[in-house]
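Q: need a structure here:
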Amino acid sequence: MLKMILNRTTWKILSMLYEKEKYPLEVARALGVHEQKVYYHMRKLLKAGVVILARQEERKGLLLNIKGNYPAFGIEFPQGYKPIERLPSSLLFIGGHSPVRKFFSEFIDQHGIFNGKIIVGSPIPHGSFRTSARDDHYASHLAFFLGQFIKMPADFSVKLDVDVKVE
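A: Just a heads-up that it's a prediction; the model follows:
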């Protein structure tokens, strides 16, 4: 399927259908290719589920199948997900006694999953001084750093400072 989508003609067809729903003859004229070539590619895309039949329209006594496509699509492999290989176990939080593990130990559970919150400032002016935060990019950098050592929790672990209550 990927080979089909990455074909130059197919990619041009997808780009045109993204801009506006069209029927195959319109696409063929715009691309300057034979109508049958466009029909061939559109049938393949329709069968793969990348292109949809948007509507049918009657012009000059003919029923035209107007095609459109989704703004995005993805490919999911049937084997499911498996974790990405991480750093050697001596550096990980699961086993080993690295300085990083010691520093973050109160935020990591026994399975190596992050058990805490990353607090970022709200970008909307707030507080008695009506200030807005500009530290979100630091949270991204911290998340990349932590991601190489620990596993991601199931729940969302980032909060705005205005949403945090003293516990």
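
Q: now do the SS call for the spatially most central residue of the chain.
A: In the chain, the centroid-proximal residue (CA atoms, centre = their mean) is G74; its distance is 8.6 Å. Secondary structure assignment for G74 (DSSP: H, G, I helix; E, B strand; the rest coil): coil.

Q: now do it, the pLDDT please.
A: What the model reports for G74 is a pLDDT of 70.

Q: helices along the protein, start to end?
A: 2-5, 8-19, 24-31, 35-48, 99-104, 136-147 (DSSP state H).

Q: which helices and strands does the shortest one pack with?
A: Right, the one you point to is helix 2-5. If you count contacts as 3 or more CB pairs under 8 Å, 6 or more residues apart in numbering; DSSP states H and E, helix 2-5 packs onto helix 8-19, helix 35-48. Quick note: C-beta positions are derived from backbone N, CA and C, even for glycine.

Q: export the helices of the chain to JSON lines and append columns for mean neighbour count and distance to S128.
A: Shown next, in JSON lines, are the helices of the chain (neighbours: other CB atoms under 10 Å; distance: least, CB to CB, whole Å):
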{"stretch": "helix 2-5", "mean neighbour count": "11", "distance to S128": "55"}
{"stretch": "helix 8-19", "mean neighbour count": "15", "distance to S128": "49"}
{"stretch": "helix 24-31", "mean neighbour count": "16", "distance to S128": "60"}
{"stretch": "helix 35-48", "mean neighbour count": "16", "distance to S128": "58"}
{"stretch": "helix 99-104", "mean neighbour count": "13", "distance to S128": "32"}
{"stretch": "helix 136-147", "mean neighbour count": "12", "distance to S128": "22"}
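
Q: how about those in JSON lines, adding mean pLDDT?
A: Shown next, in JSON lines, are those (pLDDT from 0 to 100):
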{"stretch": "helix 2-5", "mean pLDDT": "76"}
{"stretch": "helix 8-19", "mean pLDDT": "86"}
{"stretch": "helix 24-31", "mean pLDDT": "91"}
{"stretch": "helix 35-48", "mean pLDDT": "88"}
{"stretch": "helix 99-104", "mean pLDDT": "77"}
{"stretch": "helix 136-147", "mean pLDDT": "84"}
